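*Asks:* when you get a sec, could you give me coordinates for this:
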Amino acid sequence: MRARIVLALALAGLTLAGCGGEEAPEGAVSRGAQVFDEAGCDDCHTLAEAGAAGSGGPNLDELQPTVDQVERQVLTGGVGMPSFATRLTQPEIEAVAGYVASAAQGGQGSPSDAFRPNNVTVADCEKQLDASCYEQAFGNLAYERGPAVALDRFQKAIRDNPVVESRCHPVAHTIGAGGLLHYDADLGRAFADGTAACGSGYYHGLLEWKLAAAPPDEVGAVARTVCADERIRAQPFTQYQCVHGLGHGLMLYAGYDLPRALDLCHELPVGRDRVSCTGGVFMENQQTSYGTKSKWLKDDDLLYPCTIVETADKLYCYLLVTSHILPRVGSDWVETARWCRKSEPEFVRYCFQSMGRDASGYARQEPVKIHTFCAAAGDMRDECLFGAARDILNNDSDDLRGRRLCESAPASARSYCFYGLGSILGVVHQAEAERRAACSRFAAPPGRPDCLRGAGSTG
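*Replies:* Predicted coordinates:
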């Protein structure tokens, strides 16, 4: 049975009681399982996969905490539990957090039908400053007043509230859950109210929850038709977001079985949709929405699984790969560039475009910081800036910081940078007049031809 995850988990309920430990049994299934045993967690908690039936703390199978929630509780303690910050190393804490989150969720972090509207409001969360509270509250707002209202308030909160800003993607996913319920599972209507806030997480959430409601024997058919709604296909941008979100949903549905999720993408009838779908699969593999740690990642081979998937699936894997690399090299941009140079030769440029995408995110789209990060790319800086320019407009197609980024780029990189801006504007704006108007806003006369070329202008 697919795991059910209730998004509104109050920290007060996540009390991992501190108990004494003993040596791990021979053959512990993972480092996380070993830490769980050595720390004595099995004496205090119930966790079926660990064979634990303790009662001093909460039943973890019922609580189903996320990785972040376990890490935070182990580090800070509270409600009768001491902090383990001095007893466990950071790698041990990360290992046990990943193990508990995955084991409690049956090995797959699926949203299933677990979003349940309640009375929690955004104002309530301001007293707690807890990310999971905001996830529930914004989902409630989308359910009660519609996703357009929730997304408008959400975008303001991203600017003003560091808790929301730091966890904006999961919050956006839950707005998708509430929005889909608001419209009685009418995906076309829910898409019409969407925005690209925080990496288009709202669109991704819609597809995850749409798939979660499908019976297992119908998932393939739903996947092939769910983005065919004429209201979605009318705009290439929303069509892309739908298929990309579908990839997220398929990875969740497959229980983080990467080959199976990719195979489901391969069944889509349109070639470009098959490719876009794989992007959602790889993003979900790297940055799991519900706390599960994918087995299709390695800490000693940071390009994996890009190096082992089929050639047709490599593009989007490499376009996202630095999101896995950066946290594991301490956000060292020079080291990240070294890893990119180890990519398969024909995909090196795409790894550096991924680096640019992350440079934009780490810099919160501020051009000066992006230039600092992309300088580490050396002779591949133009690819990094190209990726950053696209990311700025992918998050907000009206953000003129994209223009400032390209205008302040080294002369040798400006043409390609403006081309990158145009490649997004051409998807957002379909009419020739609109493309010309958009490129006039985002490029002065010297860069305008490159913008128009990127937009696919016919003039």
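*Asks:* show me the strands in the protein, by range?
*Replies:* Remark: strands of the chain, listed N- to C-terminal, are 46-47, 52-53; assignment by DSSP state E.
*Asks:* direction included, what does the last one pair up with?
*Replies:* When you say that, I think you mean strand 52-53. The partner list of strand 52-53 in its sheet, established with DSSP bridges, is strand 46-47 (antiparallel).
*Asks:* pLDDT of the strand it pairs with, averaged?
*Replies:* Along strand 46-47, the predicted confidence averages to a pLDDT of 83.
*Asks:* now do that strand: distance to the chain's middle.
*Replies:* Here the centre of strand 46-47 is set off from its chain's centre by 28 Å, with Cα atoms, centre = their mean, to the nearest Å.
*Asks:* do stretch 417-431 as well
*Replies:* Computed by Cα atoms, centre = their mean, the chain-centroid distance of stretch 417-431 equals 23 Å.
*Asks:* who touches it?
*Replies:* When contacts are taken as Cβ atoms under 8 Å, 6 or more residues apart in numbering, the neighbours of stretch 417-431 outside the stretch itself are 235-237, 240, 382, 385-387, 389-390, 393-394, 397, 402-403, 405-406, 409, 435, 437-439, 442-443, 447-448, 450-457. C-betas here are computed from N, CA, C, even on glycine.
*Asks:* identify each buried residue in that stretch, please.
*Replies:* For stretch 417-431, the buried set under the neighbour-count rule, 16 or more other Cβ atoms under 10 Å, comprises 417-429.
*Asks:* measure His391 to Gln136 for me?
*Replies:* That one is not His; residue 391 is Asp. Distance from Asp391 to Gln136, counting by Cβ to Cβ, to the nearest Å: 29 Å.
*Asks:* so for those two, which sits in the more crowded spot?
*Replies:* Higher neighbour count among Asp391 and Gln136: Gln136, with 28 against 25, using other Cβ atoms under 10 Å.
*Asks:* surely that one meets Val171?
*Replies:* No. Gln136 is beyond contact range of Val171, at 9.4 Å (criterion: Cβ atoms under 8 Å).
*Asks:* sorry, back to before: which of the buried residues of stretch 417-431 sits closest to Thr225?
*Replies:* Of all those, Val427 has the smallest distance to Thr225: 22.5 Å, by Cβ to Cβ.
*Asks:* ends of stretch 441-453, what's the gap?
*Replies:* Between the opening and closing residues of stretch 441-453 lies a distance of 15 Å (Cα to Cα, to the nearest Å).
*Asks:* in that stretch, what counts as buried?
*Replies:* The neighbour-count check on stretch 441-453 (16+ other Cβ under 10 Å) flags 442-443, 447-453 as buried.
*Asks:* give me the contacts around it.
*Replies:* Outside of stretch 441-453, the residues within contact range by Cβ under 8 Å, 6+ apart are 400, 402-403, 406-407, 414-416, 418-419, 421-422, 425, 435-436, 438-440, 459.
*Asks:* how about stretch 232-245?
*Replies:* For stretch 232-245, with Cβ under 8 Å, 6+ apart as the criterion, the contacting residues are 187-188, 191, 194, 196, 200, 203-208, 226-227, 268, 273, 276-277, 279-280, 283, 427-428, 430.
*Asks:* how does it look with 6 Å?
*Replies:* Counting by Cβ atoms under 6 Å, 6 or more residues apart in numbering, stretch 232-245 makes contact with 188, 191, 200, 203-204, 207, 227, 273, 276-277, 279-280, 427-428, all of which sit outside it.
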